[in-house]
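Novice: Dropping the sequence and predicted coords here.
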Amino acid sequence: SQAIAAGLAGDGGMVSVALSAEQAAERIAAWGGRIEIAALNGPASVVVAGEPAALDELLAACEADGIRARRIPVDYASHTSHVERIEEELARVLAEVRPQSSAVPFFSTVEADWLDTQALDAGYWYRNLRRTVGFQTAVEALAEAGYEAFVEVSPHPVLAMNIADIVEPAAVTGTLRRDDGGLDRFLTSLGELWVHGVDVDWAQAFTGTGAHHVDLPTYAFQRSRYWLDAPVPSDAVAADPADARFWEVVENGDLQSLASVLGVSPDEPLKAALPALSAWRREQRDEVRLEGWQYRVSWRPVPVKAQTLSGAWLVAVPVGLLEDEWVSAVVAGIGARGA
């Protein structure tokens, strides 16, 4: 920070534009190197950086063309050639850094690959500040490797929307939010991950909060079904095996078997009648089968003794129904008097 403040601050700026990398490169070409691409955050999210005056012109051009663009509140051009001014200073102040291997796997947006954090020396951090941020490339590589959940650990989600644009579908969330940075917000973020299938160590998450397991409330399971049972005819009788055999050969159109069942010869009259019998049988079977798929609702009058009103009541009846026979009967039945 001290090196940036002394060597870069006040001489640059950064702007976020809703363009692809190719579109952004084409647009900033007009400024001949005064503006450079600083970060590739998503399919339609690029950060450019450079000279303040050139960035002002870019913002005006984007506004005129209806392209969403906003200035990022920094006064130096990070991830551009401007950073080369402080390369020697960074090498000096970071020379004593002795990085160690991390227990957490580390995927670098600088190298677009997994790195042992023991390699994050002074040279790496200079490259980190100088090179274009390959955030989109890193997320795509992680997605191709099978990662489906992404958490932006920050005071407010800035890149979560870009991740959702890069990887779809995926579980994407932040940790905290602007003006909502307490423990409740953090636990809510964990809940969002959990409902997306991410394994959350709740025992660790609730340590020190006083939270504890409680029994689930009981539920009176109702075992009644929502469909109607097919009625069984009261006059139903068991099928006669001989009758069943007869209709089976008729339905199959088997002339020889039918003649055998009837004990007659398969002559022309029987041969002519069999197709008609077979068609009739199949039609009857289809009708019976369809009948079993239906149910009927029937209304039966139930005699109900009308209750007589006591006290003072006002019975409101639409004017158009005052002379209706049904209304008159109901009003008289409850002992009301017409007004």
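Specialist: Okay, I see it. Residues are numbered from 1 along each chain as shown.
Novice: CA atoms for contacts and neighbours, from now on please.
Specialist: OK.
Novice: so how far is the strand or helix carrying residue 191 from its chain's centroid?
Specialist: Assigned by DSSP states H and E, residue 191 falls within helix 183-195. Using CA atoms, centre = their mean, to the nearest Å, the distance from the centre of helix 183-195 to the centre of the chain it belongs to is 17 Å.
Novice: And the contacts of it?
Specialist: 149, 171, 172, 173, 174, 175, 176, 177, 199, 200, 205 (CA atoms under 8 Å, 6 or more residues apart in numbering).
Novice: which residue packs closest to the fifth one, ignoring adjacent ones?
Specialist: Counting by CA to CA, 6 or more residues apart in numbering, residue 152 is the residue found nearest to residue 174 once chain neighbours are left out, at 4.5 Å.
Novice: now for the helix or strand harbouring residue 161, which elements pack on it?
Specialist: Per DSSP H and E, residue 161 falls inside helix 160-166. If contacts are counted by 3 or more CA pairs under 8 Å, 6 or more residues apart in numbering; DSSP states H and E, helix 160-166 sits against strand 35-42, helix 135-144, strand 149-152, strand 171-174.
Novice: Distance to residue 329, mean neighbour count and mean pLDDT added to these, as JSON lines?
Specialist: Rendered in JSON lines, the data for the helices and strands packed on helix 160-166 read as follows (distance: least, CA to CA, whole Å; neighbours: other CA atoms under 10 Å; pLDDT from 0 to 100):
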{"stretch": "strand 35-42", "distance to residue 329": "75", "mean neighbour count": "25", "mean pLDDT": "98"}
{"stretch": "helix 135-144", "distance to residue 329": "75", "mean neighbour count": "18", "mean pLDDT": "96"}
{"stretch": "strand 149-152", "distance to residue 329": "70", "mean neighbour count": "18", "mean pLDDT": "96"}
{"stretch": "strand 171-174", "distance to residue 329": "66", "mean neighbour count": "22", "mean pLDDT": "95"}
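Novice: thinking again about what came up before, surely the residue nearest to residue 174 touches residue 177?
Specialist: No - using CA atoms under 8 Å, residue 152 is not in contact with residue 177, being 10.7 Å away.
Novice: contacting residues around residue 40?
Specialist: Per CA under 8 Å, 6+ apart, neighbours of residue 40: 21, 46, 47, 132, 133, 134, 135, 136.
Novice: And it, how far from residue 79?
Specialist: Separation of residue 40 from residue 79 (CA to CA, to the nearest Å): 11 Å.
Novice: Spit out the residues that contact those two alike.
Specialist: With CA under 8 Å, 6+ apart, residue 40 and residue 79 have common neighbours 132, 133.
Novice: Leaving out the residues flanking it, which one is nearest to residue 169?
Specialist: Per CA to CA, 6+ apart, closest to residue 169 is residue 148, 7.9 Å.
Novice: Relative to residue 210, how far out is that neighbour?
Specialist: Taking CA to CA, one finds residue 148 at 32 Å from residue 210.
Novice: One more: residue 34?
Specialist: 57 Å.
Novice: Check residue 325 too.
Specialist: 70 Å.
Novice: Which one of the two is surrounded by more residues?
Specialist: residue 325 (9 against 6; other CA atoms under 10 Å).
Novice: Model confidence score at the more buried one, please.
Specialist: Residue 325 is assigned a predicted lDDT (pLDDT) of 80.
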